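1. how would this look folded up:
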Amino acid sequence: MEDDRIRVILNDTNGGFAAGTNIGIREALRAGAASVLLMNNDTVFDDSLFGGLLSELAATKADAISPVIVFEHDPTMIWYAGGHLDWTRGVKVIHEHFERPVEMAGTAPFVTSFCPACCMLFTRSAMETAGLLDEDFFVYWEDAEHCLRMSAAGLKIMVTPKLRILHKASILTGGMLSDFSLHQQYQNRMILLRKTGNPLITAYGVAVVGAAVAGRFLLKGDSRRGAWLRAKAMWSGLRRPLQQRPPL
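-> Next up, the predicted model:
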């Protein structure tokens, strides 16, 4: 059955998550949308989610909001319930209470500094202030970079435990240890470090991540191939030219 509220945009090429998402964001804003929801297609949710997120966004006066995200294979366990970037570890995304019982998310909405693009509702003004996703990131880390811009602009990101969705984590990229995932994770981690604009933070981050890659190989039994893939991805992220962020 056709639904005139739904518009499908077919692209000639696969530009990656950030580029594809930006196409949808632009179209939504041009159509006059008051808010924009980013939602991965490996999620499961019921028909109360959209209305619930809109209500919680208004009630909390947030600029962006996310539900608690649990594993599809075990809905009692947390995949995301707030998060932050740990700069002491060469920049690493930390999901609060990861793989812990969902009750640990509490019941009241709370502020966070990181939210994955897996499911995130933005106000129109937040998107206009922070801008689009950075297309230097094909997939992974684009949400971390965007959250940094939101925080720098003084925008408030919140999580509401009143709403939950199920997530088939990393199923679209072959799992977190697939060659594709490893390349994107380590390459884009270096790109994020470069985008801080601080040479000391970048140098420290590269040294810490590089030491961790070596440690995995020497002390934790990572394969020679795995270490090579990680090191090669880091080098790619450090040397590839960076683009200007796309305009709205």
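
2. Mind naming the longest helix for the chain?
-> Ranked by number of residues, the top helix in the chain under DSSP state H is helix 199-219.

3. Check which residues of it are buried.
-> When burial is assessed from 16 or more other Cβ atoms under 10 Å, helix 199-219 yields the following buried residues: 202, 204-206, 208-209, 213, 217. Glycine gets a C-beta too; all of them are placed from N, C-alpha and C.

4. Next: stretch 152-163.
-> Neighbour-count burial for stretch 152-163, with 16+ other Cβ under 10 Å as criterion, is recorded at 155, 157-163.

5. ditto for stretch 45-55
-> Taking 16+ other Cβ under 10 Å as the criterion, stretch 45-55 shows 45, 49, 52-53 as buried.

6. before we move on, the earlier item: please identify which of the buried residues of helix 199-219 is nearest to Asp143.
-> Top of the list for closeness to Asp143, among those and by Cβ to Cβ, is Gly205 at 17.9 Å.

7. list the contacts for the closest one?
-> Neighbouring residues of Gly205 by Cβ atoms under 8 Å, 6 or more residues apart in numbering: 87, 90-91, 189-190, 193.

8. That one and Arg245, how far apart?
-> As for Gly205, its distance to Arg245 is 21 Å (criterion: Cβ to Cβ, to the nearest Å).

9. got it, and Ala108?
-> The separation that Ala108 has from Arg245, given Cβ to Cβ, amounts to 34 Å.

10. And Asp42, by the same measure?
-> Plainly put, Asp42 is 26 Å away from Arg245 if you go by Cβ to Cβ.
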